[in-house]
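Undergrad: Take a look and give me a structure for this.
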Amino acid sequence: MTVVQVTDLVKRYKNAAALDGVSLTLQENVIYGLLGRNGAGKTTLMSILTAQNFATSGEVSVFGENPYENSRVLGRICFVRESQRYPDDARPVHAFRMAAMFFPHWNQDLADELIDAFQLPMKTRIKKLSRGQLSAVGVIIGLASRAELTFFDEPYLGLDAVARQIFYDRLLADYAEHPRTIVLSSHLIDEVADLIERVIVIDRGRIILDEETDAVRGRASTIIGDAVAVDAFTAGREVLHRESLGRVASATLLGELDTQDRAQLAASGLEVGAVSLQQLIVRLTQHDAESSVAASAAATTPAEGARR
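TA: Predicted coordinates for the structure are as follows:
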């Protein structure tokens, strides 16, 4: 079942486009990774889908309806965001009580288990909590809500490695027992790579990748060896990144290698290295930025020549 349908979504702030023609579909009971650089449009997209922001144009459907001022839809959504605000005198216990009243599938036993796991001080005012403890409050609400559609916007900020692993483990365990649609926005791509089932990459307000995670794996390879041989092999192929040191070069190549390719690499004395999901996304967004710069330079060159 389709949970979210977005068509040609645009969000503009004065002359800047935070989202530029975004179209995507989120299906029921899938963990999505919404990935991209700072300022790419991830939080803006999630804010619009949860009716906390307004689109300039385009269509948004959540559970088959417009989410704005729609209690039928909003009661089925949980949005855990890094900038969540609470009243000055609020304590974690107050936040959890409010969540229990708002979310129909709230599970207090899970909340209590997570409170112990994160060692969260329940009597401390939220504004006095550390960055990691504040993140733990959001993570607990996001998991214990068991909302049909849950967004985690950078949920790990301030959490140490142990606390992040607790979050990942509990998310997977509870998702296995209570499937729902989860959208996880994170910069720690390699850490969440084994959690997400589908990868959505947004860059400069546009979707540049929307595929199953398993399909993305193996989409790119790093070719390493003599610079001349590397250039010969990569000629005519899509190279995401190239760097060299002396006579040795490495090139990140987009596209799967077939048996003939691997035989050619072996004959040329070239090594093949795997590219992690994080490396691939970094290279894709770098490639996009470099292409934009090149295109801009090409477009301005004739005008500059005319002025001369």
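Undergrad: So which residues of the protein form strands?
TA: With DSSP state E as the criterion, the chain has strands at 2-13, 16-27, 31-35, 57-62, 77-80, 149-153, 181-185, 198-203, 206-212, 220-226, 239-245, 248-254, 271-274.
Undergrad: So for stretch 205-215, what gets flagged as buried?
TA: For stretch 205-215, a neighbour-count test (16 or more other Cβ atoms under 10 Å) marks Gly205, Arg206, Ile207, Ile208, Leu209, Thr213 as buried. Where C-beta positions appear, they are placed from N, C-alpha and C, glycine not excepted.
Undergrad: For the first one, which non-adjacent residue is closest in space?
TA: On the basis of Cβ to Cβ, 6 or more residues apart in numbering, the spatially nearest residue to Gly205 that is not a chain neighbour turns out to be Asp20, at 4.0 Å.
Undergrad: tally of neighbours for the one you found?
TA: 17 (other Cβ atoms under 10 Å).
Undergrad: show me the contacts for it.
TA: For Asp20, the contact set (Cβ atoms under 8 Å, 6 or more residues apart in numbering) comprises Val10, Arg204, Gly205, Arg206.
Undergrad: Mind doing that once more with 7 Å?
TA: Val10, Gly205, Arg206 (Cβ atoms under 7 Å, 6 or more residues apart in numbering).
Undergrad: export these to a markdown table and tack on pLDDT?
TA: Output for these, formatted as a markdown table (pLDDT from 0 to 100):
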| residue | pLDDT |
| --- | --- |
| Val10 | 96 |
| Gly205 | 93 |
| Arg206 | 94 |
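Undergrad: For the residues you listed, could you give me TSV that also reports distance to Gly225?
TA: Converted to TSV, the contacts of Asp20 look like this (distance: Cβ to Cβ, whole Å):
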residue	distance to Gly225
Val10	45
Gly205	38
Arg206	35
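Undergrad: in the stretch 51-200 of the chain, which spans are helices?
TA: Ranges of helices in the stretch 51-200 of the chain, per DSSP state H, counting those that start in this stretch, are 71-74, 92-102, 108-118, 131-144, 161-177, 189-192.
Undergrad: I'd like the average pLDDT over the first one.
TA: Taken as a whole, helix 71-74 has a mean pLDDT of 93.
Undergrad: go on, the fourth one?
TA: When pLDDT is averaged over helix 131-144, the result is 95.
Undergrad: how far does that helix sit from the chain's center?
TA: From the chain centre to the centre of helix 131-144 is a distance of 18 Å (Cα atoms, centre = their mean, to the nearest Å).
Undergrad: Can I get that helix in PDB? Just the C-alpha atoms.
TA: Taking Å, rounded to 0.1, in the frame of the first residue of the first chain, the C-alpha atoms of helix 131-144 are listed here in PDB:
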ATOM      1  CA  ARG A 131      22.500  16.900  23.700                       C
ATOM      2  CA  GLY A 132      22.600  13.100  23.800                       C
ATOM      3  CA  GLN A 133      19.900  12.800  26.500                       C
ATOM      4  CA  LEU A 134      17.700  15.200  24.500                       C
ATOM      5  CA  SER A 135      18.200  12.900  21.400                       C
ATOM      6  CA  ALA A 136      17.300   9.900  23.600                       C
ATOM      7  CA  VAL A 137      13.900  11.600  24.500                       C
ATOM      8  CA  GLY A 138      13.100  11.900  20.800                       C
ATOM      9  CA  VAL A 139      14.300   8.400  20.000                       C
ATOM     10  CA  ILE A 140      12.100   6.900  22.700                       C
ATOM     11  CA  ILE A 141       9.000   8.800  21.500                       C
ATOM     12  CA  GLY A 142       9.700   7.800  17.900                       C
ATOM     13  CA  LEU A 143      10.000   4.100  18.700                       C
ATOM     14  CA  ALA A 144       7.400   3.800  21.500                       C
END
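Undergrad: hmm, who's touching that helix?
TA: For helix 131-144, contacts defined as Cβ under 7 Å, 6+ apart pick out 78, 80, 84, 92, 95, 99, 106-107, 110-111, 114-115, 118, 120, 126, 150, 152, 155-160, 163, 167, 170-171, 174.
Undergrad: Against Val201, how distant is the closest residue to Leu26 other than its chain neighbours?
TA: Leaving aside its chain neighbours, Leu26 sits nearest to Val4 (3.8 Å; criterion: Cβ to Cβ, 6+ apart). Plainly put, Val4 is 17 Å away from Val201 if you go by Cβ to Cβ, to the nearest Å.
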